[in-house]
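Engineer: Okay, sequence plus prediction incoming.
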Amino acid sequence: MTSIAMFAQAVALDPASIESMWMKANRKYEPQRAAILKGVDQQIGQGPFRADWESLQKYQEPEWYKDAKFGIFIHWGIYSVPAFANEWYSRDMYQQGSPEFKHHIATYGPQSKFGYKDFIPMFKAERFDPQAWAQLFREAGAKYVVPVGEHHDGFPMYQSDLTDWCAGKMGPKRDVLGELANAIRAEGLHFATSSHRIEHDWFFDVGRKFDSDVNDPKYTDFYGPAHPRLVKPGDQDHLIEDWTYVSQEFMDDWLARTAEIVEKYHPDLIYFDWWVGQPSMRDHVSRFAAFYYNQAAKRGTGAVINYKHDAFQENSAILDIERGQLTDIRPLHWQTDTSLSNGSWGYVENDTYKTPEFIIHQLADVVSKNGNLLLNVGPRSDGRIPEQAQQVLREVGAWLKVNGESIYGTRPWKIYGEGPTKVVGGYFHDTETKPYTAEDFRFTTKGPVLYAIELGWPADGKVTIHSFASGALGAGKEIQEVRLLGSDANLEWREEPDGLHVQLPSEPPGKHAFVYRVQTK
């Protein structure tokens, strides 16, 4: 039996030993952590927000975020090197019997000899061009960009003062997040980031069950505590049923690492994944929110936190519905995030991508219901964004260049839209909605202007918008003009009891979706 295997047997069921080993491995950076945490508490005491949920209900999201509507998410990390299955390869390569486990052994050898850490020297980012990325995202029509700061794998994509295991010191040996922050802001976009750090508490736990490098004490500071996750199958998203152990020290480390990102890069938005809502985390989460909001208030800028499920009290941050949509207008602003890739958030070989039409239709639906769309791309390990993904982004940007006034800066109308196609609501259902038709419309408004976004081109060249029937706009309101964005045609239109009737030009002015600008008096 190898020494690693013997060690695994010795500590696999002993959380105290696991935690003691992790704390010892991270003791090197204790003074830096303590200094950051002291600064966090000082800023909590010097601003308008206290670290409690009653105080945090006073939060108001900034106008830029409500106006932005469209952002870009970037999942890029060590997992782009194996480029197999999805970005959870880091965990699943240790999940015995999984396709990732079998692929890893066949390709790289046993996990005791070649572990996840051994991909780091292969992650060179030699073709990473932050300026080119930022220019692409501006061309795509995005108004904010959210590169992942640290994923579940525990490898920060920045120059951290709290660990040796980060992109600034290993792999690319570049402050990826800092370079992107500068490039994104240079293009006039809002810089944001995400932290998935808290899931690292248990993320590599499956590696403790057999002879793997997760059990080697030399790498404890990278693989984390790797406590066993205590949750029943099917309850992974019901965090009230999650009994996984999270120590005070690990939560303090999470708070320090997340505050370090804020102190170094001043992001306008921070996105958290779902496990930040684990019940043990509530005090630390409220401390971070108060610190982050107070710092933003001191700088005179707005700040946004994205959360999932019940991780935050709903008035204290912005709800994010992963790969999902809503069936109606939500009074509180919200966001959905989805990946351009069909198979993964990070880059994988032989992946397929959503079409520009799918993205544009989803954007119109989400915005009509008071939401934002955060669209993810996964670059290759060398730093190149796949050409097919670039093509989709540029086509979305071309549509927004013509029709963006119906998206940016708009607010929901009294109803989100009309038509026969119904959205399948909830998390992880965004690809289950049937294709839209020329009878499906989504509505937005900006001052006296109404926008009707038609999600198809009618074969007979005639449009009827039933929701804009005579008298339906409200007392004293009447239609003055109807224009088709992107077209110079003078449209023939009339209001009837059954709707607004419009005769269209012989050819559509573009592709994917068509916007009627309805000027009211």
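Structural biologist: Good, I have the coordinates. Please read these numbers as outputs of a predicted model, since none were measured by experiment.

Engineer: For Ile359, report the pLDDT, please.
Structural biologist: Note for Ile359: predicted pLDDT of 98.

Engineer: Likewise for the one 4 residues further on?
Structural biologist: Predicted confidence (pLDDT) at Leu363: the value is 98.

Engineer: how near is it to Ser90?
Structural biologist: In this view, Leu363 and Ser90 are 31 Å apart by CB to CB, to the nearest Å. C-beta coordinates here come from the backbone N, C-alpha and C atoms, glycine included.

Engineer: Check the spacing between Ser470 and Ala34 real quick.
Structural biologist: Shown here: Ser470 relative to Ala34, a distance of 69 Å by CB to CB.

Engineer: no, scratch that, I was asking about Asp351
Structural biologist: With CB to CB as the criterion, Asp351 and Ala34 are 43 Å apart.

Engineer: of the two, who's got more company?
Structural biologist: In this view Asp351 and Ala34 are compared by other CB atoms under 10 Å, and Asp351 has more residues nearby, 19 against 12.

Engineer: Make sure the more buried one is actually in contact with Gly343.
Structural biologist: Yes. Taking contacts as CB atoms under 8 Å, Asp351 lies within contact range of Gly343: 4.9 Å.

Engineer: Now for those two: what residues contact both?
Structural biologist: The contact sets of Asp351 and Gly343 do not overlap (CB atoms under 8 Å, 6 or more residues apart in numbering).

Engineer: quick one, what contacts Pro420?
Structural biologist: Thr437, Glu439, Asp440.

Engineer: got it, and Lys477?
Structural biologist: When contacts are counted by CB under 8 Å, 6+ apart, Lys477 touches Thr520, Lys521.

Engineer: sec struct for it, please.
Structural biologist: On the three-state scheme (DSSP: H, G, I helix; E, B strand; the rest coil), Lys477 is labelled coil.

Engineer: Residue ranges in the stretch 301-450 of the chain under the pLDDT threshold?
Structural biologist: For the stretch 301-450 of the chain, not a single residue meets the criterion pLDDT under 70.

Engineer: Let me fix that, I meant to ask about the chain.
Structural biologist: Regions of the chain meeting the criterion pLDDT under 70 cover residues 1-13.

Engineer: so where do the helices sit in it?
Structural biologist: Read by DSSP state H, the chain holds these helices, from start to end of the chain: 3-11, 15-25, 30-44, 53-56, 63-68, 89-92, 99-108, 130-139, 176-186, 220-223, 248-265, 282-299, 356-368, 387-403.

Engineer: Of those helices, which is nearest Met122?
Structural biologist: Within these, the stretch nearest Met122 is helix 99-108; the backing value is 10.2 Å (CB to CB).

Engineer: Now do the contacts for the residue nearest to Val392 when sequence neighbours are not counted.
Structural biologist: When the adjacent residues along the chain are set aside, Val392 lies closest to Pro356, with 5.3 Å between them (CB to CB, 6 or more residues apart in numbering). If you count contacts by CB under 8 Å, 6+ apart, Pro356 has them with Val392, Glu395, Val396, Trp399, Lys511, His512.

Engineer: residue contacts, Thr520?
Structural biologist: Pro448, Val449, Leu450, Leu473, Lys477, Glu478, Ile479, Gln480.

Engineer: With Phe441 as the reference, measure out to the last one.
Structural biologist: Put plainly, it is Gln480. Distance, Gln480 to Phe441, using CB to CB: 20 Å.

Engineer: which of the two has more neighbours?
Structural biologist: Between Gln480 and Phe441, counted using other CB under 10 Å, Phe441 has the larger neighbour count: 27 against 10.

Engineer: what about Ser90, how many neighbours?
Structural biologist: Ser90 sits with 26 neighbouring residues when counted by other CB under 10 Å.

Engineer: Would you confirm that it contacts Ile120?
Structural biologist: No. Under the contact definition of CB under 8 Å, Ser90 does not touch Ile120, with a separation of 11.2 Å.

Engineer: Kindly point out which residues are neighbours of both of the two.
Structural biologist: Taking CB under 8 Å, 6+ apart as the contact criterion, the common neighbours of Ser90 and Ile120 are Ile78.

Engineer: Could you find the closest non-adjacent residue to Asn403?
Structural biologist: Leaving aside its sequence neighbours, Asn403 sits nearest to Val515 (CB to CB, 6+ apart; 4.5 Å).

Engineer: cool, Pro435 as well?
Structural biologist: According to CB to CB, 6+ apart, the nearest residue to Pro435 is Thr421 (7.4 Å).

Engineer: Return the residues in contact with that neighbour.
Structural biologist: Applying CB under 8 Å, 6+ apart, the residues contacting Thr421 are Thr433, Lys434, Pro435, Tyr436, Thr437, Asp440, Leu455.

Engineer: again, but for Pro82
Structural biologist: Counting by CB under 8 Å, 6+ apart, Pro82 makes contact with Tyr89, Met93, His103, His104, Thr107, Tyr108, Phe119.

Engineer: Spit out the contact partners of the residue nearest to Asn403.
Structural biologist: When contacts are counted by CB under 8 Å, 6+ apart, Val515 touches Asn403, Ser406, Tyr451, Ala452, Ile453, Glu454, Leu484, Leu485, Gly486.

Engineer: Verify the stated contact: Arg229 with Thr244.
Structural biologist: Yes. Between Arg229 and Thr244 there is a contact at 5.0 Å, judged by CB under 8 Å.

Engineer: Quick check: neighbours shared by those two?
Structural biologist: With CB under 8 Å, 6+ apart as the test, Arg229 and Thr244 both reach Trp202.

Engineer: Turn the contacts of Pro82 into CSV, columns for distance to Gln57.
Structural biologist: Written out in CSV, the entries for those read as follows (distance: CB to CB, whole Å):
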residue, distance to Gln57
Tyr89, 39
Met93, 42
His103, 47
His104, 47
Thr107, 51
Tyr108, 50
Phe119, 43
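
Engineer: Return the members of these classed as buried.
Structural biologist: Burial by neighbour count, 16 or more other CB atoms under 10 Å: within the contacts of Pro82 this picks out Tyr89, Met93, His103, His104, Phe119.

Engineer: got the contact list for the first one?
Structural biologist: Residues touching Tyr89, when contacts are defined by CB under 8 Å, 6+ apart, comprise Tyr79, Pro82, Glu100.

Engineer: how many other residues sit next to the first one?
Structural biologist: In this case it means Tyr79. Under the criterion other CB under 10 Å, the count of neighbours that Tyr79 has is 31.

Engineer: So that it lines up with my notes, have the first residue be 51 from now on.
Structural biologist: Got it, the first residue is 51 from now on, which makes the last one we talked about Tyr129.

Engineer: Check the gap between it and Tyr166 for me.
Structural biologist: With the distance defined as CB to CB, Tyr129 ends up 9 Å from Tyr166.

Engineer: same deal with the second one?
Structural biologist: When distance is defined by CB to CB, Pro132 is 9 Å away from Tyr166.

Engineer: Quick one: end-to-end distance for stretch 359-373.
Structural biologist: Between the opening and closing residues of stretch 359-373 there is a gap of 13 Å (CA to CA, to the nearest Å).

Engineer: coming back round to it: anything in contact with each of Tyr129 and Tyr166?
Structural biologist: Going by CB under 8 Å, 6+ apart, residues that sit against Tyr129 and also against Tyr166 are Ser140, Asp203.

Engineer: before we move on, back to that, looking at the helices of the chain, which is nearest to Asn540?
Structural biologist: Going by CB to CB, the one of the helices of the chain nearest Asn540 is helix 437-453, 18.1 Å.

Engineer: So which bits of that closest one are buried?
Structural biologist: Of the residues in helix 437-453, Ala439, Gln440, Val442, Leu443, Glu445, Val446, Gly447, Ala448, Trp449, Leu450, Asn453 count as buried by neighbour count, 16+ other CB under 10 Å.
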